[in-house]
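Predicted model and sequence below, questions to follow.
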Amino acid sequence: MREASYTSLRIGLYSPIKRFMGVKKNSNFFYKFSAGSLAGALGTFVGNPFDVLKTRLMAAEGKVSVSLSHLCRDIYKAEGMGGFYRGIQANVMRAMVLNGTKMGCYDQIKTTIKQSGLISGKIMTQFLSAFGAGFFMAITVTPFDMVRTRLMNQSANAMAYSGFVDCTIKVSTTSPFPFITLT
C-alpha cells in the first residue's frame, strides 16, 4: 500500500512537475532537485498513513501478533486521524531530500554522461546514472530516515520527541554515531 501510493506518485509526478516548472535537460541541477522534491512531498501526503502502519508493524514484529485492521483501529481509537500522520514533517522532508536527490542526480548524471561522449551504450548510461543517484540519495536521506522512524514509532501516550528538530537534537547529542545505525 505504501509503495502503490507514495512511490508511484513521487516517480509519476516528476515529469509533469518538470514540464510545469519548465525544466529542460540542460537546466540547472537545483531545478531538477526542486521538481523531484515537490513530487516526493506530494507522494508523502498520500502515503504517510501506510508508512506509519508499516513502521509500527515492524516495531511490533516478534513481540505481539497484530493484524493490519487491528492496528488501524487501535491507532484511530487512541490518536484519531492524526495518528496516521505522525511524523509527517520528518517524512515530507525525507521524501523531498530523497526524491530530489534521486531524480535530480539521475537526470544530471545521465545528461553529463551523454554530453561527455565517453559512454555510448544506453544500458551502461542508465546503470551509471542510477548507481550515482542511489549513492547520493543514500548519503543524504539516512539522517531523515532515523528521525522519521523514531517519530513514527512513538505513541501519543509516550512522546519522547516533540518534533523533527527536537528528535534531531536529541539523537545527535546522545549518540556516539548520530544517524548511523550499527547492526
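Cool, got the structure. Please read these numbers as outputs of a predicted model, since none were measured by experiment. Numbers count the residues shown, from 1 in each chain.

Name the helix or strand of the chain that has the lowest mean pLDDT.
helix 2 (a mean of 81; mean pLDDT, DSSP states H and E).

neighbouring contacts of that one?
Residues from elsewhere that reach helix 2 (CB atoms under 8 Å, 6 or more residues apart in numbering): 47, 50, 51, 53, 54. To be clear about C-beta, it is placed using only N, CA and C from the backbone, and glycine gets the same treatment.

same question, stretch 68-82
52, 53, 56, 57, 60, 83, 84, 86, 155, 156, 157.

which sections of the chain are below the confidence cut-off?
Residues of the chain that meet the criterion pLDDT under 70 lie in 62, 176-183.

how about the helices of it, start to end?
2, 8-12, 14-21, 29-60, 68-79, 88-116, 122-153, 164-174 (DSSP state H).

So which residue is dead centre in this protein?
residue 95 (3.2 Å; CA atoms, centre = their mean).

Wait, it touches residue 6, no?
Yes - counting by CB atoms under 8 Å, residue 95 touches residue 6, with 7.4 Å between them.

can you put the contacts of helix 2 in JSON lines and add distance to residue 32 and neighbour count?
Below are the contacts of helix 2 laid out as JSON lines (distance: CB to CB, whole Å; neighbours: other CB atoms under 10 Å):
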{"residue": "47", "distance to residue 32": "22", "neighbour count": "23"}
{"residue": "50", "distance to residue 32": "27", "neighbour count": "17"}
{"residue": "51", "distance to residue 32": "25", "neighbour count": "25"}
{"residue": "53", "distance to residue 32": "32", "neighbour count": "18"}
{"residue": "54", "distance to residue 32": "29", "neighbour count": "16"}
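
Looking at those, which one is closest to residue 133?
residue 47 (20.4 Å; CB to CB).

Report the contact partners of that closest one.
With CB under 8 Å, 6+ apart, residue 47 has these contacts: 2, 5, 6, 7, 9.

Roughly how far does the residue lying closest to it once chain neighbours are set aside sit from residue 138?
Leaving aside its sequence neighbours, residue 47 sits nearest to residue 6 (CB to CB, 6 or more residues apart in numbering; 2.8 Å). Residue 6 is 18 Å from residue 138, where distance means CB to CB, to the nearest Å.
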